[in-house]
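Engineer: Got a predicted model here, sequence first, then my questions.
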Amino acid sequence: MLYRLLLVLCALASLATSGCLSNVKASGHVAADGRVFAFDPKYPGQSRGDAVSLVAEPQLETKTEDGAHTATLRPFYRLDPADERRSHADLREGAYKVQSGSLQAGIGAGQFTWGTLESYKPTDVMNQTDFVEAFDGSAKLGQPYASVGIVGEKAALRLYYLPYFRDRTFQGLRGRPRFAVPIDVDHPVFASRLDRLQPSGAARFTLNAGDFDFGIGAFTGLSREPRFVAELTSGRVAPVYDHIHQASIDAQWTSGALVLKAEGFARLWGESLRAFAGGGAGGEYTFFKVVGEADVSLAAEILLDSRPVDAAPTFFQHDAFLGVRVAANDTSSTEVLAGAIVDAFDATTFGRLGASRRFGDHWRAYVDVNVYVAPRGKLESAFLRDDHLHGRIAYFF
């Protein structure tokens, strides 16, 4: 299906360049990513991991002169010499959209973000996590979909049909960071006879009322979060994707320099429809022009989750997030970020310190330090020797 969609979008792009469509816009980036690890790998078979990988994420968007019809193509590819599973391709977005008055419809593959929190969005359930790119859920795979919506100036209601399930990506035997046993992505288990063809559905209502933004969501289908089952005969660990039904709510209030955020969900999980809930709340405050033109933003959030121990695991069950962002507001758009997510019970910590700066009109450089602290025996302790320095040089066009 994605291959056929790609052909359609290429045909639309050809029409655009021949003059049938206008407002063709090409954008995106290519980048070189380098990682250097502080320690030797923890598990047999892992590579040292000090390597440079290549990333390409171009985008082509074309629309008719009246703006009623839009086609977007945004593929993604990473080539990684250290981990065969981290080398992967995806269609982040490849969609055709049409609008007539307040009625909107779309079909293809896309990315949809729910939630308001900075550190982690527990209500965000439509797209599958691209775990080899970022295990905090910030990187997502493209999701095949068809949608219809009624969109007004202040409020919108959208309905989604999701005909195909995307498996979560996981690192291979040589990959870092990874769990103690590589996840067997070749033998996933689905709580449906239709496997990946099990359809899902979602609905979302959003409202903007001045300084207040509000959203309500509903989802039913296969969970994007897998649990893991060890096969005793083979020793493999397979991901298991269960049925879930979820209702969620999120809100954000902005008053000058202060932003308050909250989101939460209630979920029915598995064949027995066991119930649990989760969510978080926090705020951000910005001090403007602290030194020269530089702004400093402070953020704090809490994350809670009541899921049972046999449900799909999460890293963010009773955690606190603290972060600071310094935006220089200079011609190079220099930024410095620092933050940490800390478990309130045992001090398990994911910490990051990073900076970025633009050079010229097209280049941007990034560097960040990633640190993992966890008591032995926890799921996160798999990353204890994976502290690393990450750098990126990207060209935007």
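Structural biologist: Alright, I've got the coordinates.

Engineer: And what about A382, helix, strand or coil?
Structural biologist: helix (DSSP: H, G, I helix; E, B strand; the rest coil).

Engineer: what pLDDT does it get?
Structural biologist: For A382, the pLDDT comes out at 91.

Engineer: And for S297?
Structural biologist: 98.

Engineer: can you pull the buried residues of the helix or strand encompassing T286?
Structural biologist: Element membership for T286 (DSSP states H and E) is strand 274-291. Neighbour-count burial for strand 274-291 flags 277-282, 284, 286 (criterion: 16 or more other CB atoms under 10 Å). Any C-beta I mention is one placed from the backbone N, CA and C, and that applies to glycine too.

Engineer: Quick one: the strands in the stretch 51-200 of the chain, in order.
Structural biologist: Counting by DSSP state E, counting those that start in this stretch, the stretch 51-200 of the chain has strands at residues 51-63, 69-79, 88-100, 103-110, 143-151, 155-162, 189-190, 200-209.

Engineer: Apart from its chain neighbours, what residue comes closest to A209?
Structural biologist: Distance criterion CB to CB, 6 or more residues apart in numbering; nearest residue to A209, sequence neighbours excluded, is K154 at 6.7 Å.

Engineer: so the one you found makes contact with F205?
Structural biologist: No - using CB atoms under 8 Å, K154 is not in contact with F205, being 11.6 Å away.

Engineer: So for those two, which residue has more residues nearby?
Structural biologist: Legend: neighbour count by other CB atoms under 10 Å for K154 and F205, higher for F205 (15 against 9).

Engineer: one step back: got TSV for the strands of the stretch 51-200 of the chain, with mean pLDDT and distance to A230 too?
Structural biologist: Below are these laid out as TSV (pLDDT from 0 to 100; distance: least, CB to CB, whole Å):
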stretch	mean pLDDT	distance to A230
strand 51-63	97	30
strand 69-79	97	29
strand 88-100	97	25
strand 103-110	98	33
strand 143-151	98	29
strand 155-162	98	29
strand 189-190	96	12
strand 200-209	97	27
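
Engineer: Of all those strands, which one comes closest to T220?
Structural biologist: Closest approach to T220 among those (CB to CB): strand 200-209, 5.4 Å.

Engineer: Parallel or antiparallel, which strands does the closest one pair with?
Structural biologist: Strand 200-209 sits in its sheet next to strand 155-162 (antiparallel), strand 212-222 (antiparallel), going by DSSP bridges.

Engineer: okay if I get the strands of the stretch 51-200 of the chain as CSV plus distance to Y43?
Structural biologist: Converted to CSV, those look like this (distance: least, CB to CB, whole Å):
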stretch, distance to Y43
strand 51-63, 17
strand 69-79, 22
strand 88-100, 21
strand 103-110, 34
strand 143-151, 32
strand 155-162, 35
strand 189-190, 24
strand 200-209, 34
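
Engineer: Out of those strands, which is closest to Y366?
Structural biologist: Using CB to CB, those put strand 51-63 closest to Y366, at 11.7 Å.

Engineer: residues touching R267, list them.
Structural biologist: Residues counted as contacts of R267 (CB atoms under 8 Å, 6 or more residues apart in numbering) are 244-246, 275-278, 307.

Engineer: So E263 versus D136, what's the distance?
Structural biologist: Note on E263: its distance to D136, by CB to CB, to the nearest Å, is 16 Å.

Engineer: Also V229?
Structural biologist: V229 sits 24 Å away from D136, going by CB to CB.

Engineer: now do G210
Structural biologist: From G210 to D136 the distance is 31 Å (CB to CB).

Engineer: What is the burial count for the nearest residue to K42 once chain neighbours are set aside?
Structural biologist: Sequence neighbours aside, R385 is the residue nearest to K42 in space, at 4.4 Å (criterion: CB to CB, 6+ apart). Other residues near R385 come to 18 when the count uses other CB under 10 Å.

Engineer: Check which helix or strand R385 maps to.
Structural biologist: Of the helices and strands defined by DSSP H and E, none includes R385.

Engineer: got the phi/psi numbers for it?
Structural biologist: phi -100, psi 20 (degrees, to the nearest 10).

Engineer: about what we covered before: out of V229 and D136, which sits in the busier spot?
Structural biologist: Between V229 and D136, D136 has the larger neighbour count (other CB under 10 Å), namely 16 against 13.

Engineer: Any figure for the gap between that one and D130?
Structural biologist: D136 sits 11 Å away from D130, going by CB to CB.

Engineer: K378 too?
Structural biologist: 23 Å.

Engineer: immediately after the strand holding T286, which helix or strand?
Structural biologist: Next element after strand 274-291 (DSSP H and E): strand 294-305.

Engineer: chain center to that following strand: distance?
Structural biologist: Averaging C-alpha positions (CA atoms, centre = their mean, to the nearest Å) puts strand 294-305 18 Å from its chain's average.

Engineer: Tell me which residues of that strand come out buried.
Structural biologist: Neighbour-count burial for strand 294-305 flags 294-297, 299, 301-305 (criterion: 16+ other CB under 10 Å).

Engineer: Alright, calling it a day.
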